[in-house]
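Engineer: Make a model of this:
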Amino acid sequence: MFKVDKIYKTSRNDIAMNIRFPEDIYAKYKKLSKETGHSFNGLVISAMNYALENIENPKKDN
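Structural biologist: Below is the predicted model of the structure:
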């Protein structure tokens, strides 16, 4: 289960990019950000890191 232990902090070396979120996912992250005081960006990157570290059998689509 994903637990917010460590929140990613941005640095000047990070790559800025745009990403589109479905409205429901965006709303959940914004709510979590407000409730925890963690940045939206930090929460999303932390969740992405968790997913990458815990992915099983990644398959490449052909």
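
Engineer: okay, CA-based contacts and neighbour counts for the rest of this
Structural biologist: Fine.

Engineer: tell me, what residue is most central in this structure?
Structural biologist: In the chain, the residue lying closest to the centroid (CA atoms, centre = their mean) is residue 44, at 1.7 Å.

Engineer: If you drop the residues flanking it in sequence, what lies closest to that residue?
Structural biologist: The shortest distance from residue 44 to any non-neighbouring residue, by CA to CA, 6 or more residues apart in numbering, is to residue 29 (7.5 Å).

Engineer: which SSE is that neighbour in?
Structural biologist: Using DSSP states H and E, residue 29 maps to helix 23-36.

Engineer: cool, and residue 20?
Structural biologist: Following DSSP H and E, one finds residue 20 outside all helices and strands.

Engineer: ok, now how distant is residue 4 from residue 13?
Structural biologist: 23 Å (CA to CA, to the nearest Å).

Engineer: okay, those two: which has more neighbours?
Structural biologist: Each of residue 4 and residue 13 had its neighbours counted (other CA atoms under 10 Å), and the higher figure belongs to residue 4 (13 against 6).

Engineer: who's in contact with the more buried one?
Structural biologist: Residues in contact with residue 4, defined by CA atoms under 8 Å, 6 or more residues apart in numbering, are 43, 46.

Engineer: Flag every buried residue along the helix or strand of the chain with the lowest mean pLDDT.
Structural biologist: Evaluated with mean pLDDT, DSSP states H and E, the helix-and-strand set of the chain has its lowest mean pLDDT in helix 40-54, which scores a mean of 88. By neighbour count, and taking 16 or more other CA atoms under 10 Å as the criterion, the buried residues in helix 40-54 are 40, 41, 42, 43, 44, 45, 46, 47.

Engineer: what inclination does it have with respect to helix 23-36?
Structural biologist: Computed by axes from the mean of the first three to the mean of the last three CA atoms, to 10 degrees, the angle separating helix 40-54 from helix 23-36 equals 110 degrees.
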